[in-house]
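Colleague: below are the sequence and a predicted model for it; my questions follow.
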Amino acid sequence: MKNCRDIKPLLYLHRKGELTPEEDFTVRTHLEACSNCAGIRQALSEIDDLLLPGRSAAPTLRNDRILIERALAGVDRKDQRNRSDYTEILDRILSWGRPALATVVATMACLFVFQETRDALKTSSLERRLQVRGDASIPHAMALIPYAMPSGEIFTPGEIRTFLSNPRTTAGVGEDQLKILGSILPGIFGSSDDLFTRLATRYPNIARVTFDDGLDEEERTILATEGKSLMKELETLLSQGAQDK
Amino acid sequence: MKHLIAIVLIAFGAAGCLEIKVRTTISEDGSSQRVVAFTRDRKSFPDAAFPIPKDSSWTIEWKTVDEGNKVRYEYTARKPFETTSDLEREYAEIPDTAVFDVKVRLTKRFQWFYTYFDFRETYSLRNEFRHIPITAVLTPEEIEHYLYAYSGTTQDSILDERIHAWSNRNEWEDFFEGLVNIVEKRNIPEVSVLKLMKGKERFLAFVEVRGKEDKNANEDVGEFFVEILEEVLDTKAVRPLKSDLEMLFSEFQRKSDRMGTASGTYENSVQLPGLLLETNSTNIQGNLVTWKVKDDQLKVGVFEMNAESRVTNTWAFVVAGIVGVISLAVVVVRMVRKKS
C-alpha cells in the first residue's frame, strides 16, 4: 500500500487517463481506502468539468494584427539580443573596415605596380647601356679569344685576360667589341685548320673587314650580319664542346 | 738638371702617379664601411691632393709587399660609418681651396615594399689654370665621352693629346698673364704691354722650344726668360725684370706642383645592398659598382658617380599579404551574410 505522498502526483495524471494500467490500479485501490486523496481527486474532476467548455472551443484572434506583430517583434528582439554579441561588432567593423581595407589594398597594389615598372625600366635601361659600352658586353667577345691565340689552344680565362692586357697583342683594341672581334678574325681565318677553313667558306666576307682606318659602313654591315652569325655558330660549337667534355 | 719645360709638363706626374683605391660597402641598415688603399715605394704618406685618411678615426695599416726585386708598402685605412649622414660628413670639411674635392651623398628612402639606396659621389679638381675653358677645345659630347666612356682606345689617346696640349697652354697663359702684370707694374717705356701682347705667340713658342733644348734653363730661370724677352721685344730694357720673372716662375711652379699632387688614377667601388637598379658606371659585378678615373679626366669636368639599389622589405610583403587575406575574408563574409 502506497502512502498519499506517492499517490498525489499520480492523481493529476489519473484524471487525464495518462497512467499505465498498473499505476491506474494502484491509484484506484488507494482512492477506495483513502478519503483524503479521494477528496482531492473529486476536486480535480470538478475543476476539469468547469474548464471543459473553454478547452473544447478554438481560440479567436479577432483580427488583432498589431498584437501578432508585436509578439513576433518581441520574439525577433529576443533573438537579436542573443546574436548581437558578435554580429553587431562585426557589422560595425565591416561598415568602416570595408572601404578602409579597399583603399589600403588598392594603394598597395598601385604602389607595387608602380615600383616594379619603374625599377624594371631602370634595370633594362642599365642592361642596354652595358650591352653597348659596358664591361658586361665583353665576355661574349672574349669567348672567341682562344681561337685567336697563335697556338690555337683553348686558354683559361686568366690566360685570356693576360692576353688582352698585353698592349702588344691588343694595341689600339681597348675594350671595343668590334675591335676585339677584328683582332680575333685574322687569327681564325689565317689558320689552315679544318674548322677555320669551313668557317672561312661559310663567311667569306669577314676577311674583308680591317681595322686600320676604323670601320666603314660596309664593314659594319658585314660584322652585323656574317659576324653575328659566326659568333653564334662559334658559341654553339663551344657549348657542344663543353657538353662533350 | 731637368729641362724647364719638362719640369712643367711632368708637374702633374710629380707625385708619382699614385693609384688610389676606395671601396665603400653599404649595409641594409644604412651603415657603411669605407676603405682607402694605395701602394707606394716608401712607407710614408704621399703628397697627394686626394683626401687620404691620416687621423685616428681611421684604422690605418701599412703592409709590406715583397715584389721580388723590390719591397712596396700597402696602405689601408678603414672606417665604419653608422649612418648615411656620417659618411657625408667625413668629406664635408674639405676646404674650398683644396685641389681635390670629394663629395659623398648616401640616401636611404623607405618606400614600403622596397627601401632604396642612392649613392652619389663626385670627384673634382680645382684647376688653378683656368684661362682657356675646356669647351674651347672639346665639344660637350667629347667631354662626356672623355669623362665617362674613356677606355684607352686610339680615339681616346687623341683626346688625351688634345687635353695635354690644352692643359699646357693653360698653364703658360697663366704665366703670360703674370708677365703682363709685371710689365704693367714696372712701367718701362721700351717694354709696353701692347708690344708684349703682339709678341705673345713668339714668346710662348720660344719658351717651349728653348725650354726643351736649353739644359741650363732651370739653373737660371730669370736669365732664360730675359733672353727670350730681349729677342721677342727686341730691347735690352727687359733686364730689370729678371728678379720679377724668377718670382713669377717660382709662383708658377708652385701652382703646377700643387696641381701635380692630384696626379694619379682613382678607382672607386661601392657595394650597395640588394638589387642594383641604376648606375652611370659600366663596370659592374653583381651589386659592386666600380669607376676608374684619372687626373686628366678630372681636369675637364666634375666626375660624378652614382648608383641606386633597392632592398626588399619582406615584412612589408607579409603585411600586404595579411591585409589581402583579410580583405578577401570580408568579401566572403559579406557574400555569406547576404545569402543568409
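Modeller: In hand now; what should we look at? Numbers count the residues shown, from 1 in each chain, chains lettered A, B, ... in the order given.
Colleague: only C-alpha atoms for contact and neighbour calcs from this point on.
Modeller: Fine.
Colleague: and the lengthiest helix in chain A, does that touch chain B?
Modeller: Under DSSP state H, the helix in chain A containing the largest number of residues is helix A:65-133. Yes - between helix A:65-133 and chain B, judged by Cα under 8 Å from any Cα of the partner chain, the touching residues are A:94, A:98, A:101-102, A:105, A:108, A:112, A:119, A:122-123, A:126, A:129-130, A:133.
Colleague: what's the closest of those residues to B:Val318?
Modeller: Proximity to B:Val318 was ranked across these by Cα to Cα; first place goes to A:Met108, at 12.1 Å.
Colleague: the closest one: neighbour count?
Modeller: Around A:Met108 sit 19 other residues, with neighbours defined as other Cα atoms under 10 Å in any protein chain shown.
Colleague: list the residues that contact it.
Modeller: The contact partners of A:Met108, by Cα atoms under 8 Å, 6 or more residues apart in numbering or on different chains, come to B:Ala320.
Colleague: how far away is it from A:Leu94?
Modeller: Distance of A:Met108 to A:Leu94, given as Cα to Cα, to the nearest Å: 20 Å.
Colleague: same question, A:Leu234
Modeller: Look at A:Leu234 and A:Leu94: by Cα to Cα, they are 65 Å apart.
Colleague: what's the answer for B:Thr76, then?
Modeller: Note on B:Thr76: its distance to A:Leu94, by Cα to Cα, is 63 Å.
Colleague: what secondary structure does B:Glu61 sit in?
Modeller: Three-state call for B:Glu61 (DSSP: H, G, I helix; E, B strand; the rest coil): strand.
Colleague: look up phi and psi at the residue lying closest to it once chain neighbours are set aside.
Modeller: Beyond its immediate neighbours in the sequence, the residue positioned closest to B:Glu61 (Cα to Cα, 6 or more residues apart in numbering or on different chains) is B:Thr76, lying 5.1 Å away. When quoted as degrees, to the nearest 10, the phi and psi of B:Thr76 stand at phi -140, psi 130.
Colleague: pLDDT score for B:Thr76?
Modeller: On the pLDDT scale, B:Thr76 is placed at 94.
Colleague: what bridges to it?
Modeller: Here B:Thr76 sits in beta bridges with B:Ala37, B:Glu61, going by DSSP bridges.
Colleague: and it, what does it touch?
Modeller: B:35-38, B:59-62.
Colleague: just the buried residues of those residues.
Modeller: Those of the contacts of B:Thr76 that meet the buried threshold are B:35-38, B:60, B:62, by 16 or more other Cα atoms under 10 Å in any protein chain shown.
Colleague: return the member of those nearest to chain A.
Modeller: For those, the closest approach to chain A (Cα to the nearest Cα) belongs to B:Phe38, at 21.1 Å.
Colleague: and the nearest residue to that closest one once chain neighbours are set aside, its phi and psi?
Modeller: Excluding the flanking residues, the one nearest B:Phe38 by Cα to Cα, 6+ apart is B:Ile20, at 4.9 Å. Taking degrees, to the nearest 10, you get phi -100, psi 130 for the backbone angles of B:Ile20.
Colleague: what does chain B put close to chain A?
Modeller: For chain B, the contact set with chain A under Cα under 8 Å from any Cα comprises B:113, B:149, B:151-154, B:276-279, B:281-284, B:320, B:323-324, B:327, B:330.
Colleague: go again with 7 Å.
Modeller: B:151-154, B:277-278, B:282-283, B:324, B:327 (Cα under 7 Å from any Cα of the partner chain).
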